[in-house]
Each structure stands twice: as C-alpha cells, then as structure tokens.
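Engineer: I would like to see how this sequence folds:
(chains A, B, C and D)
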There are 2 protein chains.
Amino acid sequence: MKTNHTRYAILGILTTGCRTGYQIKQLIDKSLNHFWKISYGQIYPTLKQLVEEGLATVQQTTQDGKPDTKEYFLTSKGEEELRKWLSSPLETIPVPRNEVLLKLFFSRHQHNDKTIEYLSHYQEVLNDRLYTYEEIEQTIRTHSLDNEDAQYWLFTLDYGKRVTTAEIEWCYDTINKLEGGS
Amino acid sequence: MKTNHTRYAILGILTTGCRTGYQIKQLIDKSLNHFWKISYGQIYPTLKQLVEEGLATVQQTTQDGKPDTKEYFLTSKGEEELRKWLSSPLETIPVPRNEVLLKLFFSRHQHNDKTIEYLSHYQEVLNDRLYTYEEIEQTIRTHSLDNEDAQYWLFTLDYGKRVTTAEIEWCYDTINKLEGGS
DNA sequence: GATCCCATGTAATCGGTTACATGATTCC
DNA sequence: GGAATCATGTAACCGATTACATGGGATC
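Structural biologist: Presented below is the predicted three-dimensional model:
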C-alpha cells in the first residue's frame, strides 16, 4: 500500500482557509517548510486532479483587468477522504537520506581538518535553522493563537527544535572527538 | 548544482572491500540503513555507468556451474572523484518529509484519542529503531574495531541514536500535552 | 524603468522503487 | 521437496524538481 501524501497535504491545507494554488504554496513555505515542501509543478496538477475526483470544487473568477484566480473548496467527500487518511495507521517510515552522514561515513579518505570544517559548517546551518523555527513560533504565538490549528502547528515546531538541538550537540561532540584524535 | 549522491555512496563502498552489486546491497542494508537505502534497480545500472565513465573496472568470472559474478574495482580516477566529492562544500540540505508531522499538522480534524494512539505507535517504532542502532553498534565494536572506517561508522550511529532519542522524548511530551488538554 | 508580488500552468527530466525474470547452491 | 541465500539484471511507473512561458499590478 502506497499513499501519495502530497495529495493529503493539499487536501488538509484547503481546510485552513487557503483557496488558490498560490496561497497554498505560501502557507507551506511559511508553516510546513521544516518538514514538507512542495513546488507549483505539483500543486496545480494535483488541484486539477482533486476536482476530477470530486474531492474539491473550483470557482473561477475572471476579473476585469486582474488576472484570473481559481478558488478551490473541499467537498464533503474531500473532507471525508482527509479524515480517513488522518486515522489510517502509520506506514513504514522511509529512511531520510542524509548527505552529511554519507560523507562522514567515508571520511577516513580525507584529513580530519577537512571533516571538522565540514561539520562546523553544518553546525552553522543547523543554528540558522533553529533560529528560523523560533521566529516562526513567535509569529504563531502572537498572531494565530486564536486559530484552532495553532496548537498542532506548535507541536510540529517543537519537534523541529528538539531534533535540531540534538543534531547541533552531536556536531559539537563529534568535532571534539575528531580534534582529540588527530 | 545538483549531485547524485547515490553514485558516490557506491563509489565509497567500493573502498571498503565490497566488490559485487550484491555485496554492496548487503553492506548498505547492514551499516548505512539508518540514513541511506538503495535498491538493485539503482545499483546495477550505476555500476555499469561507473565503468563507462572510467571510475571503475569490472572483472567477470564465469565459473563452472556457479553463476557469473562481476567484481568491481575503483580506478585511480574513481578514487580521485570520491575525494573531490568528500571535500566539496555542503549543499543546501533538503527538508526530509515527515508523514507523522504532516498528519499531526491537520489533527484538529480528529479526536485527540486517535492522535494519541497514533503517536504512541510512532513511539514504539522509534524505540525499535533505537534498539536496532544499539545492536549495530555492538556488532561494530566487537567485530570491526580494527577496521579503519569503524570510527566514522560509530559517529553516524551516534547521530541516529541521539536524534531518535529526541524524537521519543517529543512523542512522550506531546502525548502528555494532548491528554492534559482533552 | 525596473523589480517585486500575484497568479497559473506545462514539458522535460531525474532519481528511485517495484515487479518481474532467471537460475544455481545449500540447508532443513 | 521447499525455503533461503547468492547473484544479475530490466521495464514500467511514480513522485518531484526545474526550467520555461505568460502577464497584470504595485512599489521604488
């Protein structure tokens, strides 16, 4: 059994008030970016498909002067589909590929100095990431706490912060080990 | 700039003593499985390609009775290519997609009991994973500590253990929050 | 005048998985 | 006799990214 999660991501976002393909991309880039990303090349064909399957409806507005906009709305069938997916059991979690670890795995073919430099750079990237998460969290706390979704959004951010913190600590300790051994 | 990391994974594994496509798969399943996986549908065509590009050579053995085996060896050009990749700077790290967080993000459309059940199941999966890491670590410590690569392999396992531990703690705390609020 | 934001979409391409096909050997 | 392991490979398919194409409105 193989489910296309991106379909459900879009289905879910249509419940948050987003209506157009453009708005969907905006929300994903703003709020799901730490664990889900998506491109227009996926969004527009998927929306079309959802309508074909009766999970959503379109409402096209041809405005005077302004470019056309297509607003999408979930049908009750679409809502049902979303709920069905939410309650479906967890599938086997795919292993996330990690370029950093792949390089480290073969790093005996390289001077430790280079490896340390590499890990330090990674550590900086992670620190930036952590900072971004904290900014997003502040935005949600001050602007969207009335939103019914906010609680769950904060849970996902908490996840990101904790995992990233663990990664940063690992970088720190691994660099130390490499310095001690070289 | 977009590099195909899988090519380099195979290039790297050819330095560890693995020679055949089958052995490469074995090693990946045994030692890189927590951050990199690969299928035969990728291995065999890639090996072929590496030979075409002069990064490896083949040595085919047609044995009496036994099926053919093809042994691959890195050329000096291949070794150089590997070292070049190792020292190349980190690319923008792709966001790993997370199905669990995606569902949680939309979980206000579901009873908290269901969400808790879901997170508990995830926690179990993570615990199993952690146990597997510890087993692999013991295997490396008792059997391969003479291996020059062992140190780096242990670093990647340490990463897996730390991140997984952080995830488990997050599960625990998130379940508590949901129970308190329902 | 340039740049950015809003807004929609398609075609080529790529990386990867899955299913299929084949066949010998060894162990239970 | 059947299952597991060793061993190699291909074709269909899928999810996703990238580059391209278009064009109005607002701001600097």
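Engineer: which ones are touching A:Glu99?
Structural biologist: B:His5, B:Leu90, B:Glu91, B:Ile93 (CB atoms under 8 Å, 6 or more residues apart in numbering or on different chains). From N, CA and C alone the C-beta is placed, and that goes for glycine too.
Engineer: got it, and A:Tyr40?
Structural biologist: Listed by CB under 8 Å, 6+ apart, the contact partners of A:Tyr40 are A:Gly21, A:Lys25.
Engineer: contacts only, for the spatially closest residue to A:Ile28 that is not a sequence neighbour.
Structural biologist: What sits nearest to A:Ile28 in space, not counting adjacent residues and going by CB to CB, 6 or more residues apart in numbering or on different chains, is A:Ile38, at 5.2 Å. Contact analysis of A:Ile38 by CB under 8 Å, 6+ apart lists A:Thr6, A:Ala9, A:Ile10, A:Ile24, A:Lys25, A:Ile28.
Engineer: and the helix or strand hosting the fourth one, what other elements does it pack with?
Structural biologist: Read it as A:Ile24. Element membership of A:Ile24, judged by DSSP states H and E, is helix A:21-27. Where contact means 3 or more CB pairs under 8 Å, 6 or more residues apart in numbering or on different chains; DSSP states H and E, helix A:21-27 is packed against helix A:5-13, helix A:40-52.
Engineer: helix or strand: which one has A:Phe73?
Structural biologist: Per DSSP H and E, A:Phe73 falls inside strand A:69-74.
Engineer: what sits up against the helix or strand that that strand is followed by?
Structural biologist: Following strand A:69-74 in sequence order, the next helix or strand is helix A:76-87 (DSSP H and E). By CB under 8 Å, 6+ apart, the list of residues contacting helix A:76-87 from outside reads A:3, A:8, A:11-12, A:14-15, A:50, A:54-56, A:74, B:103, B:106-107, B:109-110, B:114.
Engineer: tabulate the helices and strands packed on helix A:21-27 (TSV), appending mean pLDDT.
Structural biologist: Shown next, in TSV, are these (pLDDT from 0 to 100):
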stretch	mean pLDDT
helix A:5-13	97
helix A:40-52	97
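Engineer: give me the low-pLDDT residue ranges for chain A?
Structural biologist: A:1, A:63-67, A:145, A:181-182 (pLDDT under 70).
Engineer: return the residues in contact with the spatially most central residue of it.
Structural biologist: Closest residue to the average C-alpha location of chain A: A:Trp36 at 2.1 Å, with CA atoms, centre = their mean. If a contact means CB under 8 Å, 6+ apart, then A:Trp36 has A:Ala9, A:Ile28, B:Val95, B:Arg97, B:Asn98, B:Leu101, B:Leu102 as its contacts.
Engineer: name the member of those with the most neighbours.
Structural biologist: A:Ala9 (25 neighbours; other CB atoms under 10 Å in any protein chain shown).
Engineer: quick one, domains of chain A?
Structural biologist: By the assignment in automatic domain parsing, chain A contains the domains A:5-87, A:99-181.
Engineer: dump the ones you listed to TSV, plus distance to B:Thr46.
Structural biologist: Output for those, formatted as TSV (distance: least, CB to CB, whole Å):
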stretch	distance to B:Thr46
domain A:5-87	26
domain A:99-181	15
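Engineer: closest to DNA strand D out of those domains?
Structural biologist: For DNA strand D, the closest of the domains of chain A is domain A:5-87, at 2.4 Å, according to CB to the nearest atom of the strand.
Engineer: end-to-end on the closest one?
Structural biologist: Terminal residues of domain A:5-87 lie 14 Å apart, using CA to CA, to the nearest Å.
Engineer: how distant is that domain from the center of its chain?
Structural biologist: 15 Å (CA atoms, centre = their mean, to the nearest Å).
Engineer: same check, this time on stretch A:2-11
Structural biologist: For stretch A:2-11, the distance to the chain centre is 13 Å (CA atoms, centre = their mean).
Engineer: got the contact list for it?
Structural biologist: By CB under 8 Å, 6+ apart, stretch A:2-11 touches A:24, A:28, A:32, A:36, A:38, A:42-43, A:46-47, A:49-50, A:55-56, A:74, A:78, A:81-82, A:85, A:88, A:91, B:97, B:99, B:102, B:106.
Engineer: so which of these also contact DNA strand D?
Structural biologist: Near DNA strand D, taking CB under 7 Å from any atom of the strand as the test, the members of these found are A:Ile38, A:Gln42, B:Arg97.
Engineer: now for the second one, how many residues are close by?
Structural biologist: Pointing back at A:Gln42 there. Neighbourhood size, A:Gln42 [other CB under 10 Å]: 16.
Engineer: same thing with the one 10 residues further on?
Structural biologist: Neighbour count of A:Glu52, defined by other CB under 10 Å: 9.
Engineer: if we can go back for a sec, can you select the buried ones from the contacts of A:Glu99 in PyMOL?
Structural biologist: With 16 or more other CB atoms under 10 Å in any protein chain shown as the criterion, this PyMOL line picks the buried residues out of those:
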select buried, chain B and resi 5
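Engineer: wait, which of the contacts of A:Glu99 is closest to A:Glu167?
Structural biologist: B:Ile93 (10.5 Å; CB to CB).
Engineer: surely the closest one and A:Asp128 touch.
Structural biologist: No. Between B:Ile93 and A:Asp128 there is no contact under CB atoms under 8 Å: 10.8 Å.
Engineer: convert the C-alpha atoms of stretch A:105-115 to PDB, please.
Structural biologist: Taking Å, rounded to 0.1, in the frame of the first residue of the first chain, the C-alpha atoms of stretch A:105-115 are listed here in PDB:
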ATOM      1  CA  PHE A 105      30.800   7.500   6.600                       C
ATOM      2  CA  PHE A 106      33.600   7.700   4.100                       C
ATOM      3  CA  SER A 107      35.700  10.400   5.700                       C
ATOM      4  CA  ARG A 108      38.700   8.300   6.600                       C
ATOM      5  CA  HIS A 109      39.800   9.100   3.000                       C
ATOM      6  CA  GLN A 110      40.100  12.700   4.000                       C
ATOM      7  CA  HIS A 111      42.100  14.700   6.500                       C
ATOM      8  CA  ASN A 112      40.300  15.300   9.800                       C
ATOM      9  CA  ASP A 113      40.800  19.100   9.400                       C
ATOM     10  CA  LYS A 114      38.500  19.000   6.300                       C
ATOM     11  CA  THR A 115      36.000  16.900   8.100                       C
END
